[in-house]
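1. Got a predicted model here, sequence first, then my questions.
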Amino acid sequence: KEPFVAENFDITMRCVISGAAMSFENNIDKIYGFQFHPESFLTLNGKILIKKILSA
């Protein structure tokens with residue numbers, strides 16, 4: 001278990017360089033969080049990611 005990760009939350013993405021957690025989710029309460037901007041044109045597959053979150 002990761003330190004500092006709240007109960008019922010999972011890390012769903014990590015930075016490929018540093019390994020830092022970049023997204024989290026809690027499927028029980030339908031809570032999702034990002035530490036980056038998936039809507040940015042620089043984020044690979046950002047639109048797909050947003051569509052998946054909105055349809056959850």
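-> That came through fine. Residues are numbered from 1 along each chain as shown.
2. which residues of the protein fall in strands?
-> Shown for the chain, the strands assigned by DSSP state E span residues 10-14, 21-26, 31-34.
3. Nearest to F4, out of the ones you listed?
-> In terms of CB to CB, the element of the strands of the chain nearest to F4 is strand 21-26, at 9.1 Å. Every residue, glycine included, has its C-beta placed from N, CA and C.
4. mean confidence score for the closest one?
-> Here strand 21-26 scores 90 as its mean pLDDT.
5. got it, and stretch 40-49?
-> Stretch 40-49 carries an average pLDDT of 80.
6. got the contact list for the residue lying closest to Q35 once chain neighbours are set aside?
-> Of all residues not flanking Q35 in the chain, M22 sits nearest, at 5.1 Å (CB to CB, 6 or more residues apart in numbering). M22 is in contact with M13, R14, C15, F34, Q35, F36, counting by CB atoms under 8 Å, 6 or more residues apart in numbering.
7. What count of nearby residues applies to the third one?
-> Look at C15: counted by other CB atoms under 10 Å, it has 11 neighbours.
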